[in-house]
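Visitor: Using only what follows, build the 3D model:
(2 chains)
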Amino acid sequence: MAQTETLIKKLTNYRQEAPVLAPGHTYGSITDKVSAIVLTRKTPKGWIIGFTIAFAGVMMLFAALAYLFVKGVGIWGINNPVGWGFAIINLVWWIGIGHAGTLISAILLLFRQAWRTSINRFAEAMTLFAVACAGIFPLIHVGRPWLAYWLLPYPNTMALWPQTRSPLAWDVFAITTYASVSALFWYIGLLPDLATLRDRTKNRWLRLIYGFLAMGWRGSAVHWSRYETTYLLLAGLATPLVLSVHTVISFDFAMSIIPGWHATIFPPYFVAGAIYAGFAMVLILAIPLRAIYGLEDFITTVHLRNMAKIMLATGLIVAYGYAVEAFMAWYSGNQYEWYMMWNRWTGPYAPAYWALLLCNLLVPQLLWIEKVQSSTIWLFAISIVVSIGMWLERFVIVVTSLHRDFLPSAWGMYYPTTWDWATYLGTIGLFFALIFLFVRVLPAISIFEMRTLVPTEERK
Amino acid sequence: MNTGTKSTNDTALYGLLAEFATPGALLAAAKRTHAEGYRKVDAYSPFPIEGLAEAIHVHRNRLPRIVLIGGLVGCFVGFFFQYYAAVIDYPLNVGGRPFNSWPSFIPITFETTILFAAFTAVLAMFALNGLPQPYHPVFNVEPFERASRDRFFLCIQANDPKFDPLTTRAFLESLQPDAVHEVEP
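Guide: Predicted structure coming up:
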């Protein structure tokens, strides 16, 4: 009897989903709570400490870049067989992290997922900053970064055009388009909230600045109608864009004939990996944010659990990608492909490969457990493990394929130098510094969309 | 209720602004106002309310079509640039492949399509909405700052042919708003 009761209890608990917004909130209370973070509340200590650390990272990035510009890419560990090193690894890693932001704001909007509302704003900011960090790497790895604009098509005096049959030219278009559209999407989403900040601030200068950015937004019904159409259209445009960008990034590899890169599984497997890494980063940002600013009402357990489930699903797709890679290497009967796989398992970089399986495959299986899904500490730890794992995945793909390709006479090893690490860690600093600034000066949660979650007697 | 003081310069009025506490009240009031024959009307709310624009304003939304055109232009520009570079201006024989190797032009064509369509969507939205607009009379009403927080407003403009300072105010008050404000131009 008691067993039946617990079963019924369990089932009803399962059916009754927790609300995406804690009860008791009104339009005004949401507005005040979110805008207070920017306008009236004292800057928390955690912010100051975090920003200081992140800013030190920015300084390190500048130092590494300055030395790079003086000396050239010889300061990195790249060499003759391994011409692609940290620069490409980090590009793919950062771009992937950016994808969850667009996924949350565009795809979940099209699917009418109400829970996206409280996390989409800072996830979009995360996208923007991650793409900025990603964009640094292709610019600086060309050897003469001040000539990077040659990659853009313009009627130049040398009568030369970029080679548009090359995936590297596709990259330029994909990343610039992705960065521009993400910025537009983010700004359009911010517009009504900038108007809110303009109306709420007591400071004359702030009113001027927010008023300038809000462009005179006044919430007119006709404006809202066009605004919503624009927002939906942008979401519809960003959805195929986000899938195409990582597909193009995977083409950088898949269009070549290097063993381990020339695989048709790459586009979907890269996209899934991007979403996987991206949601890990959203959790890494969301968990401290809700703790520091007391936003548990807005970013509820429902959000954490949903994100955990998406991580679990995309993690399994990524695992399928690993399996297909290994299977095709064997099934193709191509000795170079099979040697590449064997080398990954037993070669000099084998520890990286097994560590990646541990991080991306084994540890995230904990997410099946319901307690883990709603525990911030567990989720935070797993997200960090997944971020490391996804970085290792890109490292393994780039380095193990290049360092032993077809001829043993052309084999070599790749070791990242201090400057490689300084640049990489420096971009992490830049990313977090930008996130800290964003949280301080703009509403980290979309206020106007949160208002639509308030239940009213008119709303069914 | 802010009903007193008939201002002496009624002609210099932008309109009358009724203030409501709930989105439902605003929507109902907007429908009544339109049925009454007022056409120069606007409603203001802190978030989009379904059906509100349609209730006060019979308009066709031209945005999707403009965006489609923008996307098509981007598609054409992206492909033609590659065609021009690879076939007309700098033909380069790569292993005997055709100059117009269109399958490899698809990624860039796709990206420019999205880029142009997205910029068209945003710029067209601003243009149709008349933004940026640094000054607007409704901002002269003090309580209007709550339009971006938790209040709902309906404005009948003075340039409406049916507008009369007294009867329009009486009509707005019959909708039972929390207050009716005069909007100075």
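Visitor: Which residue ranges of chain B form strands?
Guide: B:15-20, B:41-44, B:152-157, B:179-183 (DSSP state E).
Visitor: how close does the residue nearest in space to the middle of chain B get to residue A:229?
Guide: The centre of chain B sits closest to residue B:129, judged by CA atoms, centre = their mean, with a distance of 4.0 Å. Going from residue B:129 to residue A:229 by CB to CB, to the nearest Å gives 11 Å. For glycine as for every other residue, the C-beta is placed from the backbone atoms N, C-alpha and C.
Visitor: Same check on residue B:111?
Guide: 23 Å.
Visitor: who's more crowded, the two?
Guide: Taking other CB atoms under 10 Å in any protein chain shown, residue B:111 and residue A:229 do not tie; residue B:111 has more neighbours (25 against 19).
Visitor: How about the contacts made by that one?
Guide: Residues near residue B:111 by CB atoms under 8 Å, 6 or more residues apart in numbering or on different chains: A:170, A:173-174, A:177, A:241, A:244, A:248, B:78.
Visitor: out of these, who's nearest residue A:278?
Guide: Within the contacts of residue B:111, distances to residue A:278 taken as CB to CB reach their minimum at residue A:241, with 14.5 Å.
Visitor: Name the nearest residue to that closest one, sequence neighbours excluded.
Guide: residue B:114 (4.9 Å; CB to CB, 6 or more residues apart in numbering or on different chains).
Visitor: Near residue 112, how many other residues are there?
Guide: Unless you meant another one, I'm taking chain A. Neighbours of residue A:112 using other CB under 10 Å come to 7.
Visitor: Let me rephrase: I mean chain B.
Guide: 23.
Visitor: can you check residue B:176 too?
Guide: Quick note: residue B:176 (other CB under 10 Å) scores 12 neighbours.
Visitor: Can you pull the phi/psi pair for it?
Guide: With angles defined as degrees, to the nearest 10, residue B:176 sits at phi 60, psi 60.
Visitor: show me what contacts residue B:177?
Guide: Contacts of residue B:177 (CB under 8 Å, 6+ apart): B:18-20, B:25, B:29, B:154.
Visitor: low-confidence ranges in chain B?
Guide: Chain B contains residues with pLDDT under 70 at B:1-11, B:58-59.
Visitor: Would you map the helices across it?
Guide: B:23-36, B:52-56, B:63-83, B:106-129, B:165-174 (DSSP state H).
Visitor: Turn those helices into JSON lines, columns for distance to residue A:410.
Guide: Shown next, in JSON lines, are those (distance: least, CB to CB, whole Å):
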{"stretch": "helix B:23-36", "distance to residue A:410": "69"}
{"stretch": "helix B:52-56", "distance to residue A:410": "66"}
{"stretch": "helix B:63-83", "distance to residue A:410": "34"}
{"stretch": "helix B:106-129", "distance to residue A:410": "30"}
{"stretch": "helix B:165-174", "distance to residue A:410": "83"}
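Visitor: Looking at these, which is nearest to residue A:120?
Guide: Using CB to CB, those put helix B:106-129 closest to residue A:120, at 17.1 Å.
Visitor: List the buried residues for that closest one?
Guide: B:107-122, B:124-126, B:128-129 (16 or more other CB atoms under 10 Å in any protein chain shown).
Visitor: Let me see the ranges of the helices in the stretch 1-150 of chain A.
Guide: A:2-15, A:27-39, A:45-71, A:86-102, A:108-110, A:117-141 (DSSP state H, counting those that start in this stretch).
Visitor: what element comes up after the host helix or strand of residue A:330 heading to the C-terminus?
Guide: Using DSSP states H and E, residue A:330 maps to helix A:301-331. Sequence-wise, the next helix or strand downstream of helix A:301-331 (DSSP H and E) is helix A:335-346.
Visitor: what packs against that following helix?
Guide: Helices and strands touching helix A:335-346, by 3 or more CB pairs under 8 Å, 6 or more residues apart in numbering or on different chains; DSSP states H and E, are helix A:301-331, helix A:350-357, helix A:376-403.
Visitor: Show me how far the following helix or strand past the last one is from its chain's centre.
Guide: In the C-terminal direction, the helix or strand that comes right after helix A:376-403 (DSSP H and E) is helix A:418-441. Taking CA atoms, centre = their mean, to the nearest Å, the mean C-alpha location of helix A:418-441 is offset from the chain mean by 14 Å.
Visitor: what comes up buried for helix A:418-441?
Guide: Buried, per 16+ other CB under 10 Å, within helix A:418-441: A:419-420, A:422-424, A:426-439.
Visitor: pLDDT on it, on average?
Guide: For helix A:418-441, the mean pLDDT works out to 92.
Visitor: Next SSE downstream of it?
Guide: Assigned by DSSP H and E, the successor of helix A:418-441 is helix A:447-451.
Visitor: Now residue A:30: closest residue in space, sequence neighbours ignored.
Guide: Closest to residue A:30 by CB to CB, 6+ apart is residue A:450, at 4.8 Å.
Visitor: burial count for that neighbour?
Guide: Other residues close to residue A:450 by other CB under 10 Å number 25.
Visitor: my read: it touches residue A:298, true?
Guide: Yes - counting by CB atoms under 8 Å, residue A:298 is a contact partner of residue A:450 at 6.6 Å.
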